[in-house]
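A.B. asks: Return atomic coordinates for the entry below.
(one chain, ligands or ions: 2)
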Amino acid sequence: MEKIKMTTPLVEMDGDEMTRILWQMIKDELLAPYIELNTEYYDLGLEHRNKTDDRVTIESAEATKKYGVAVKCATITPNAARMTEYNLKEMYKSPNGTIRAILDGTVFRAPIVVKGIEPNVKTWVKPITIARHAYGDVYKNTEMKIPAAGKVELVYTACDGTEERSLVHTFNGPGVVQGQHNLCDSIESFAHSCFKFALDTKQDLWFATKDTISKKYDHTFKDIFQEIFDKDYKDLFKTAGITYFYTLIDDAVARVMKSEGGFIWACKNYDGDVMSDMISSAFGSLAMMTSVLVSPQGYYEYEAAHGTVQRHYYKHLKGEETSTNSVATIFAWTGALRKRGELDNNQRLIDFANKLEEACIKTIEDGKMTKDLALITTIDNPTVLNSRDFIIAIRETLDRML
Ligand code: NAP
Ligand code: MG
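C.D. replies: Ligands and ions are numbered 1, 2, ... in the order given. Reported below is the predicted structural model:
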């Protein structure tokens, strides 16, 4: 087979630890034999981030703006222990946070559904994608402990000095208080990213808040979504045969449990934090969860939802065998390659990405899997493979399919 050519480079962001090992294996075994890989490489491994004072992270995000599509390996977010382990000059911020801030994007997380890894909710036959708003609310709050009786007010001081006040509560004794905010700009970006992603993946979009109780705050979210939908997306959704609907968060939760999946659920920041953990654990495994950052301008950055799998890496360094699941990282590559193919009208690249995904699923459904899946599968007597052999097994399936 003649290797597939790529006309535009993909931004490649390499990472850390076990996922860095998998990254190279995936390229060597599953990509390079079939594609003339055209990537602009950025090494986001912690050593190189340290060497460049983290400039490489910023440059990789800028490159994503230039080319439109990136694929990212999991990276270490430094903490105190990493400072000594890697002899860091400073405690760099999370690369994902830095990239998200530059691209102003929304993260969409979706499980990879495979027969034999059954969701705990038996009606779920298709993936449920969570879109979490990544700015503000309780994550940027101001809190106060109220020691004793007194009055708490919200005060807004306009630039011209005029004030608007609103009573929060008159305390008769001790209590607590919390101030939250969000920005219309950020909510608008969130809405655009959600509508774009729904069109892109041809899935219905649900959005839910608690606007009956929060008549100004949550209601603003609801209104902004509706305005943007009516103005920019209504006709496009109709043509695509998909729907947007808004409902109360408690109604959404009840409906989700009875649904068959196959839609995007947009959530405010806190709801998204909580619900994405619920969805991923109910679908089986973090190692089977993909994640894509979509900017309101339509830039895409694909990655796995899990981290660098540190515990496995230390085993690997000691020369012990590991059985680390590479599926989510492979799907990060296929997501990015397919998107590149769509933007460049490169049908061979799109077909290859689809085939490689099918090969991953088929390999697992044939009973060949890593240990994490073997522990939860309903398939009898699965074959447990090590990290490399699992990738080789996928390659064998792929070769049979091509
Ligand atoms: P983790 O890498 O997600 O791994 C936690 C545990 O989940 C592993 O020890 C393993 O369980 C299981 N696991 C996760 N992915 C797996 C896979 N592909 N195959 C098999 N098992 C898998 O989280 P962490 O250990 O808390 O974090 C390690 C580093 O990753 C941290 O430095 C953190 O900053 C970073 N991180 C990065 C990202 C990102 O770049 N997007 C996200 C989260 C965390 P067992 O050990 O029981 O086998
Ligand atoms: Mg969480």
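A.B. asks: quick one: buried residues of the helix or strand containing residue 360?
C.D. replies: Assessed by DSSP states H and E, residue 360 sits inside helix 347-365. Within helix 347-365, the residues that count as buried by 16 or more other Cβ atoms under 10 Å are 348-350, 352-353, 355-357, 359-365. Backbone N, C-alpha and C define where each C-beta goes, glycine included.
A.B. asks: how far out from the middle of the chain is that helix?
C.D. replies: In this view, helix 347-365 has its centroid 20 Å away from the chain centroid, taken as Cα atoms, centre = their mean, to the nearest Å.
A.B. asks: Extract the CA atoms of that helix and return them as CSV.
C.D. replies: Output of helix 347-365 as CSV, limited to C-alpha atoms (Å, rounded to 0.1, in the frame of the first residue of the first chain):
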residue,chain,number,x,y,z
GLN,A,347,-10.3,11.1,2.1
ARG,A,348,-7.6,8.5,2.4
LEU,A,349,-6.5,10.0,5.7
ILE,A,350,-10.1,10.1,7.0
ASP,A,351,-10.6,6.5,6.0
PHE,A,352,-7.4,5.4,7.7
ALA,A,353,-8.4,7.2,10.9
ASN,A,354,-11.8,5.4,10.9
LYS,A,355,-10.2,2.0,10.2
LEU,A,356,-7.6,2.4,13.0
GLU,A,357,-10.4,3.1,15.4
GLU,A,358,-12.4,0.1,14.2
ALA,A,359,-9.2,-2.0,14.6
CYS,A,360,-8.9,-0.9,18.3
ILE,A,361,-12.5,-1.8,19.0
LYS,A,362,-12.4,-5.1,17.1
THR,A,363,-9.2,-6.2,18.9
ILE,A,364,-10.8,-5.7,22.3
GLU,A,365,-14.1,-7.3,21.2
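A.B. asks: and it, what does it pack onto?
C.D. replies: Helix 347-365 sits against strand 4-5, helix 327-344, helix 387-401, with contacts defined as 3 or more Cβ pairs under 8 Å, 6 or more residues apart in numbering; DSSP states H and E.
A.B. asks: Now do the last one and helix 347-365, the angle between them.
C.D. replies: Here helix 387-401 points in a direction 120 degrees away from that of helix 347-365 (axes from the mean of the first three to the mean of the last three Cα atoms, to 10 degrees).
A.B. asks: Would you mark the buried spots in helix 387-401?
C.D. replies: 387-388, 390-395, 397-398.
A.B. asks: Nearest spatial neighbour of residue 194, chain-adjacent residues omitted?
C.D. replies: Closest residue to residue 194 apart from its sequence neighbours, by Cβ to Cβ, 6 or more residues apart in numbering: residue 266 at 4.7 Å.
A.B. asks: Which single residue in the stretch 251-400 of the chain comes nearest to ligand 1?
C.D. replies: residue 307 (2.4 Å; Cβ to the nearest ligand atom).
A.B. asks: That residue: what's it in contact with?
C.D. replies: Contacts for residue 307 were tallied using Cβ atoms under 8 Å, 6 or more residues apart in numbering; they are 19, 74.
A.B. asks: The one 5 residues further on too?
C.D. replies: Residue 312 sits next to 18, 322-324, 387 when contact means Cβ under 8 Å, 6+ apart.
A.B. asks: Can you select the buried ones among these for me in ChimeraX?
C.D. replies: Entered in ChimeraX, the line below selects the buried ones among these, by 16+ other Cβ under 10 Å:
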select :18,322,323,324,387
